[in-house]
Each structure stands twice: as C-alpha cells, then as structure tokens.
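**Q** Just to be clear, the model below is a prediction. Sequence and coordinates:
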2 protein chains.
Amino acid sequence: MSSKEPLSPIERLNAAMDSGELRQVRYTLNNSLRPVEIAHLLDKSPPKERQLLWGLVNKDLEGDVLQHLGYDVQAEILSRMETREVLEITEGLDIDDMADLLQQLPERIMRELLQTMDIQNRTRVEQVLSYDEDTAGGLMNTDTVTIRPDITVETALRYIRRHKEIPDMTDSLFVVSRRDAYIGILPLTKLLVSDPDMLVREIMSTDIEPIEATMTDSEVAQLFEQHDLISAPVIDEDGKLLGRITIDDVVDVIREDADHSLMSMAGLGEDADTFAPLMRTTRNRAIWLGINLLTAFIASAVIGVFEDTIEKVVALAVLMPIVASMGGIAGSQTLTLVIRGQALGHVERSNIGWLLNRELVAGALNGLLWASVVAAVAIIWFQDIYIGGIIAAAIVINLIAGALAGTLLPIGLKAAGIDPALAGSVLLTTITDVVGFFAFLGLATYFYS
Amino acid sequence: MSSKEPLSPIERLNAAMDSGELRQVRYTLNNSLRPVEIAHLLDKSPPKERQLLWGLVNKDLEGDVLQHLGYDVQAEILSRMETREVLEITEGLDIDDMADLLQQLPERIMRELLQTMDIQNRTRVEQVLSYDEDTAGGLMNTDTVTIRPDITVETALRYIRRHKEIPDMTDSLFVVSRRDAYIGILPLTKLLVSDPDMLVREIMSTDIEPIEATMTDSEVAQLFEQHDLISAPVIDEDGKLLGRITIDDVVDVIREDADHSLMSMAGLGEDADTFAPLMRTTRNRAIWLGINLLTAFIASAVIGVFEDTIEKVVALAVLMPIVASMGGIAGSQTLTLVIRGQALGHVERSNIGWLLNRELVAGALNGLLWASVVAAVAIIWFQDIYIGGIIAAAIVINLIAGALAGTLLPIGLKAAGIDPALAGSVLLTTITDVVGFFAFLGLATYFYS
C-alpha cells in the first residue's frame, strides 16, 4: 500500500532509516505517526529494527503504542523493561488496557507495580485482574457515567454538562440505584430527543440484560453482534454495576477468535508474532513437527505391515499416496466446516445426526465419483484391472472415514475440553492415513496373495 | 448452551416441533425470540426444518430475520420467493441492508423491484448499489443526521430535539455545507458538554478523514479498528456526504475477512452454509477433491519414475510418506503465518527478505533436528545405515523447500491477483510432495544402484 502514495510517513521513515539519520527517524516517528501506526510499524519490523525503533519512541507515547502491539510483541518488549519503566508508561492508560499489560508480566513484578499505584487505581485494576482475561470482567473498563432514575431529563443534561469530557465510546449512561445496583441504560440519542420534564426512569431502557462479569468473552462478542451494541454494562453476582465493555475491545475478541482456528490448525498460536526471532520460531515449530512425525511413523508402520505385498506389486507404492491424500483432503473439509460451525454456535446435539449423515453420504458420493476416475487411470497406467478395483474401494472407504472423523473428532474433542482446532487436524490425518493405507494395502494383500 | 437453562425459548421450540404442535411453534418463534435469534435458529437448522420454520415466521418479521441470516442461507430463501414477496418484506429495512439483499437476487428481479419503490428510496438504494459490495459505498447507509457549522450548540440541541428519534449507532452528527459537502464531525458526547453559546464550527472535529466511497471494505475495517470508530462519514469524489458506515457492518466485514482464510485453505467458501443440502455440498466438495487429485497424481508420477528402486529396496515405500508429510507440515506453518501476516498488513517488500531468511534457517534447523531422529529410527528399523543418511538428507531438503514455497507462494500469488488462501495450500502440497519424493527416491536410486 505504501507504494501508492508518493511520500507517506512510513516511506519517509524507511528512507531515513536507510540513510541512518536517527534524528530524522525519531522526529518522523513521533510527530507524523499516531500511536496505533507506530505499533503497526513495530509489529511488521524484524527484531533488530523493532528494538531500534522502540528505543526512538517518545516516553509519553510508549504506553499508548504498547497497548496496540500484538500480544507476543508486547510480551517481548515488556520482558526487557524495568518495573519502574513499566509503571511510568502505563500510568495514563485505561484501566482495562493497563490490566491487559500487567497480565503479561511475571506475578512478582505485577505485585510490585500494584504496590506503587495510588489506592483508587489499584482497587480498580485489582478488580479487573480478579477476573480471568477471557471473561467479561477481564474485558471491562471502569469509566462509566452513571445517573439516578428519579431525576428529570433536564437535570440529567445539566449534570452531564458539568463533565469536562465524557469517556470515548460512551453511547449510553447507566442508570443505577443509590447502592450502585444496575437498573437500566439511557442512550444519549434518547436523552437528546426526550421531553426535558420526563424522568430518567420513564425513558430508560431495560431491554438489554446486563452482562455478568464471569461471562466468557466469546459470549460477550455474540451478545454485541446480536444486539448491535456499542457499550454494555457489567455487573457482579449481586447486580452491582462494576464497569462497562465497549465495542473496540469486542472487535479484538472477534478478530482473535477468528484467527484462533486458522492459526491453531497449523499448530501456531493466534498471538504469533510474524517477525518472531529465529530461535523462538524454530523452537515453536519443532514441537508441532515432532507431533506430526509421530503421526507419520504410525502411517509408516501400517505400510510396513504390507512390505511383502508391495515387493510383489510395486504399483501399490506408486498409488498409495493418492488414497491417503484424498481421504485427508475430504476429511479436512468436513473438519474445517464443523470447527467453524462450532465457533458460530451452529453445531449442537440436535443437529449432529443430520450433519454426520450428510457428510457421510457426500463423502460416499464423492468417493464413488473420484474412485472411478482413479480406477480408470490406474487400470490404463498399470494394465491391471485388479488394482483399479482395489484403489476404488480404498478411496470410497477412506472418504467415508474422513467424513466420520471430520465430523466426530471436533465434537468429541470439544466435549473432552480439548481445542478441536489444535488437535483436530493431526488426529484426522492420522486416521485418514492409517485407514487409507490399511484399506488399500490390505485389500491388495487379499487379492494378490 | 441450551441445555444449561431449564426451559429456554429454543428448547420450548424444539419440544413443540418434536410434538408437532405447529401452532405452539409459531407462537414461540414469533413472540419469544428476537429476529436475530430466529435467524440464528434458521442458520443452524437442516434444510427441511429450516423451510418449515421460515414458513412460520410472521410476515412483518421476515425482512428483519432475512438480513441476519448467513449469505448462503439468505440466497437460498430469496431464490424461492416471488418478486412481490421480496418487496413486501424488505420495505422496512435500512437502505444498506436492503441493498445487500437485492444483490443476492438475479439482475432482472432486482430491476423489477427497484421499479416498484418510491422515487426517494429507489434513488438511495441505486446509489448504494452503484458501488461494489466490497467497498465503502456498498457498506454505507444513508441515515445521517447533518447540521451546519455556523449554528450554536444550543440551536443544534434544539434542532435535534425536534427529531422523534435518532438512528441507531449515531454517535456523531456530520457537519456539512449548504451544498452537502462534508466539513467535520460533531460527537454527541462533545455536544453534550460544550458551552451552549459556542458554534458547531468551533467544537467539531476534523481529525478523521472522511471515507471515500471507493475504499475497499478491508481498508474501512482497518480504519475503524485503528481509530476506534463507531460511525464514519462516506463521501464521493467531490467531497459530498453520501452516507455513513457504522461499526455493526464493519464487524461483519472483520468476521468475514477472518473466516475467509480458514475456509479458503480447506477449499470452502467463507459464506458456506453449515447445513447446506446434500447435493450442493457434494458438488462443491467434488471440485476441490478433483483439483487435489491432480496434485496426488503428480506425486504418484514422481514415485512411478523410481519404481525399480522401490522394487529393490521396499523400505523406501515404507518411509517415503514421512519425507513428504514433514515438508508439507513445515510448509503449511510458514504458509499460514505469511497469509495471516498479509491479512494484517505485516508483509511488504521491505521485510520479505528477512522473513524468507528466517523461514529458511528455521526450516533447515528443524530439518536437521528431526532428520537425525528419523535417521536413527530408520537405521534401527531396517538395519541399513544408507537409508538413514538418505532420508535425513531428503527431510532437510524438503523442509527448506517447504519454507521457500510457504513464503514465496502467497507473495507471488497475491502479486498475480490470485487468492493465496485458496490456491496456496494445494500448490504447496504439490511442491513438498514432488520435492520430497524426488529427493528421497532420487538419492536412494543414486546410492543403491
């Protein structure tokens, strides 16, 4: 994109970095880019450049830049900072953003940091920290604007005007009792068009259930999407208003949730830093390769059982990857569809039966279609009618196995509390490899002996 | 989820459907569920149930339900409707939602529908339709609230109070000239805390650039995320205010973009209906399987070249899937990381070199690590020191090939205007299969002959 505009700040920055004029770089960085753009630049810089650039960011922007970085990049930068520094740069942040950053720190340093805060901030941060990161409590901010139900619209407007400014993303005021119990919300748009003599109680809305602090962030996201919310109140188990969640944080949840399946299916973390240093990348990938190697050895062991048959009919060795691959591809399609369906809340006990049935029949039909193509090719290629029949049967069997595994694996894994996106694809390949090789070579052994 | 609550509307509905009391179902459906929940229920229902349920939805809710359905489900239902019916149920919708639905219809029916609208609505819908679905113009709605710059805050407040209601998701008023040229935005929160005697011109904000109608929806989403926007003005090339985009529509774009990579990599459309009918599913999958079959045949052809060697050393047939599989897994990890990096705007000409270099070295290092493990196992298994060396070398070569293909394929495909998520994985597997088999069997032929 940067190549379209003639002289974007990013390009000026690159030019300055190339020419090594650090003073120029520092100026452009801090004066032409907004914190979110600096964060994006850091996210897409290799480690050394990133460290250099971070060193050039003005102290007063650091906190703001930090909160916009990818998680892994954040953690990397925080790990190199002194406690005092972390305190300084997080001072001006929103409570929820500060809590997010603190959660990246080691427990000891976090405690130390909390000790140095003033009592009001500490109480607020501790409240957010007391909830899991992946819950409504962990997502919320405490910057609510509250009013009482028994005042008039006119009084409410006057009360608001006394604020110097209203927090960003405030589309509604929260109506609370004298004891801070949540009663309802009053959208600003409603307040602006209502008769000044009406009571807040008369115009407030109680349609939207407040969010309990323990609700998971994915459920919160679903709620926001279904009701087209901009902000929503968060309450504790006694109905007391704790804070609010705003759409900007929900958008992050939606993006992470969506990224999660894609990255997990390749054995990558959804927070993975595109430009992670070599050794970290190597280490993280090694584990996934090791797990998949085990799978490959299992497949090899199955082939090993049929060594004698392959020695007799070497065409089997040539054709066997086709059987395994077709089952794997078909199974992956089912697996991906079901995992996406789970994420969207589409898959539940009542419709698994229908889904499994459709996948099995679709697998069988496609199996028959492509099996006949493969059979024809195999017969012509090896001038052997048996091998055509054997591979056709094996492909149909393996596509059905792929459909079965692709549907039931994610459902079983989820029920067992294991992430289907992470474990599903490895297990699926193991199954389609084993079934594919076993069916093909087993049938061949039967017919050629 | 539904199993937790004792008697949710959905469960009552299921019970009623099981007992076949359609009247009960109709009542629960229309009176206990909101349109978005009815849509979710339809989305997760198999075809027959879906058709039955759709028939029970009250006429006045149909439009609202329809716009919340998944695209494929929408298209299916629209395809069975008469022009007149479509007109009736879309009458009350927002202009952008109506335009979205109209785009699902065949050209002829769409024209027919437009003819029957009143002139004001037709002009608005045609304006939105004149822009591509995937642009800001296609995303926008025309329900803006505009004011002039030279009135006071007090006058502005009085003007707003004259509205019976303000459209949902209105967080800002748009300041426009007498000729509707966009000048700036005035957040409601700012309006509420400003001195009544100030002029709109003095308190409005001009920080945010208005969005040009031709901007792509992904760029719009980035803008919203970077600036934490709730709504933003859309202008034409002359700077005239056309409408506004709201965060709820942007959230849909973000979800679709994120879904796109996951689904495409498995050869599925991001709009795919989880409960698509059997024949549609079978047909869609058949194409992808056919493409992958071609890949598998290419791999088989490579193996076929080395038939004689395999006949001599049958252990090669047992071990060869390991080489192909390790290269494929390693390559997929790189490919996924790069495709995600492209979606996040991280990958560009200036950092491709670093990325490629890291991937190559990480591939080589992991190649060395796992090659030695595989070599040890192979030597012990087949009591043959040669085969250990050969498979080790082949694995290192294939992991490097995987890293190379995983990095360069998505970059090359994107530059050629081909979707890397769709074509990348098939091409990658072809490369790692061919390189893997060729390296392993080729080296074996050299050493064993």
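**A** Sure thing, it's come through.
**Q** Show residues contacting stretch A:204-212.
**A** Identification of contacts with stretch A:204-212 by CB atoms under 8 Å, 6 or more residues apart in numbering or on different chains yields A:136, A:149, A:175, A:182-187, A:190, A:220, A:223, A:227, A:229, A:232-237, A:239, A:241, A:245. All C-beta atoms are positioned from the backbone trio N, CA, C, and that covers glycine.
**Q** Of those, keep whichever come out buried.
**A** The neighbour count (16 or more other CB atoms under 10 Å in any protein chain shown) marks A:136, A:175, A:182-187, A:190, A:220, A:223, A:229, A:232-236, A:241, A:245 as buried among the contacts of stretch A:204-212.
**Q** Centre of the chain to the helix or strand in which residue A:429 is found, how far?
**A** Assigning secondary structure by DSSP states H and E places residue A:429 in helix A:420-448. How far helix A:420-448 lies from its chain's middle: 31 Å, per CA atoms, centre = their mean, to the nearest Å.
**Q** If you average the pLDDT over it, what comes out?
**A** On average, the pLDDT along helix A:420-448 is 95.
**Q** now do stretch A:318-330
**A** 96.
**Q** go on, stretch A:368-386?
**A** Mean predicted confidence for stretch A:368-386 is 95.
**Q** Going by neighbour count, which residues of that stretch are buried?
**A** Quick answer for stretch A:368-386 (16+ other CB under 10 Å): A:369-371, A:374-375, A:377-379, A:381-382.
**Q** Leaving out the residues flanking it, which one is nearest to the single nearest residue of the stretch 251-400 of chain A relative to chain B?
**A** Per CB to the nearest CB, residue A:258 is where the stretch 251-400 of chain A lies closest to chain B, at 3.0 Å. Nearest non-adjacent residue to residue A:258, counting by CB to CB, 6 or more residues apart in numbering or on different chains: residue B:258, 3.0 Å away.
**Q** quick one on the thing from earlier: among the buried residues of stretch A:368-386, find me the one that's closest to residue A:45.
**A** Set against residue A:45, the nearest of those by CB to CB is residue A:370 (46.2 Å).
**Q** Show me where the stretch 101-250 of chain A has its helices.
**A** Secondary structure of the stretch 101-250 of chain A by DSSP state H, counting those that start in this stretch: the helices cover A:107-116, A:119-129, A:136-139, A:153-161, A:188-193, A:200-203, A:217-227, A:247-265.
**Q** just how off-centre is the third one within its chain?
**A** With CA atoms, centre = their mean as the basis, helix A:136-139 stands 16 Å off its chain's centre.
**Q** shaky segments in chain A?
**A** A:1-12, A:20 (pLDDT under 70).
**Q** Mind doing that once more with 80?
**A** Residues of chain A meeting the criterion pLDDT under 80: A:1-22, A:90-97, A:100, A:103-104, A:106, A:116, A:258, A:449.
**Q** Which residue of it lies farthest from its centroid?
**A** residue A:449 (52.4 Å; CA atoms, centre = their mean).
**Q** Now for the nearest residue to that one once chain neighbours are set aside, how many residues are close by?
**A** Leaving aside its sequence neighbours, residue A:449 sits nearest to residue A:309 (CB to CB, 6+ apart; 7.3 Å). Around residue A:309 there are 21 other residues, counting by other CB atoms under 10 Å in any protein chain shown.
**Q** Hmm, residue A:309 is touching residue A:443, no?
**A** No: taking contacts as CB atoms under 8 Å, residue A:309 lies outside contact range of residue A:443: 9.9 Å.
**Q** Now do residue A:341 against residue A:91, distance only.
**A** For residue A:341, the distance to residue A:91 (CB to CB, to the nearest Å) stands at 45 Å.
**Q** which one of those two has more residues nearby?
**A** Using other CB under 10 Å as the criterion, residue A:341 and residue A:91 rank with residue A:341 on top: 23 against 12.
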